[in-house]
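> Just to be clear, the model below is a prediction. Sequence and coordinates:
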Amino acid sequence: MSALNENKANHILVIADAAALGSEIKELIQYKKLSGKKIDFFLPESFEWLILKSVIFSGNDQVKNVLSNPVDYIESKEFFSWERFLTYLLVEETKGKPQLQYPKNKSKLPSGYITETNMNSILNAMKR
């Protein structure tokens, strides 16, 4: 909330994991009404979902299959949430790729994701 309060823009795009933001959505909607700002929300399943949906993995048939029908791949006994499964998948699919190797603890986004081409690809995944 503090980031929204400090932001002077009248039009704000909030991109967040739907699962992570769920508990605060009521407060955010109330803030939107009271602030008079135009606030749009983009709430994908997870940030990892966005990355996997981008062109970075467009040639990866395993990722395509999982994203097209996740319920066939996500085992609730093994993974607490889809977000955790998608993080696991991203970690596994990027092992041995130094520029893209996704950290299990999500501490820092690897440099390969923040190139202009890959950032645009991730943003384009939002449009789909």
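Nice, thanks for sending it over. Numbering: from 1, shown residues only.

> When you work out contacts or count neighbours from here on, use the C-alpha atoms and nothing else.
Noted.

> what about the spatially most central residue of the chain, distance to residue 113?
Closest to where the C-alpha atoms of the chain average out (Cα atoms, centre = their mean) is residue 47, at 1.2 Å. The gap separating residue 47 from residue 113 is 12 Å, by Cα to Cα, to the nearest Å.

> Phi, psi for residue 93 please.
With angles defined as degrees, to the nearest 10, residue 93 sits at phi -70, psi -20.

> Near it, how many other residues are there?
Other residues within reach of residue 93, judged by other Cα atoms under 10 Å, total 18.

> who touches it in this structure?
Contacts for residue 93 (Cα atoms under 8 Å, 6 or more residues apart in numbering) come out as none.

> From residue 113, how far off is it?
According to Cα to Cα, residue 93 and residue 113 sit 14 Å apart.

> check contacts around the closest residue to the residue nearest to the centre of the chain other than its chain neighbours.
Of all residues not flanking residue 47 in the chain, residue 17 sits nearest, at 6.0 Å (Cα to Cα, 6 or more residues apart in numbering). By Cα under 8 Å, 6+ apart, the residues touching residue 17 are 43-47.

> domains of the chain?
Domains of the chain are assigned by automatic domain parsing as 2-42, 47-127.

> Out of these, which gets the lowest mean score?
Mean pLDDT values for the domains of the chain show the minimum at domain 2-42, a mean of 82.

> what about it, distance to the chain center?
In this view, domain 2-42 has its centroid 16 Å away from the chain centroid, taken as Cα atoms, centre = their mean, to the nearest Å.
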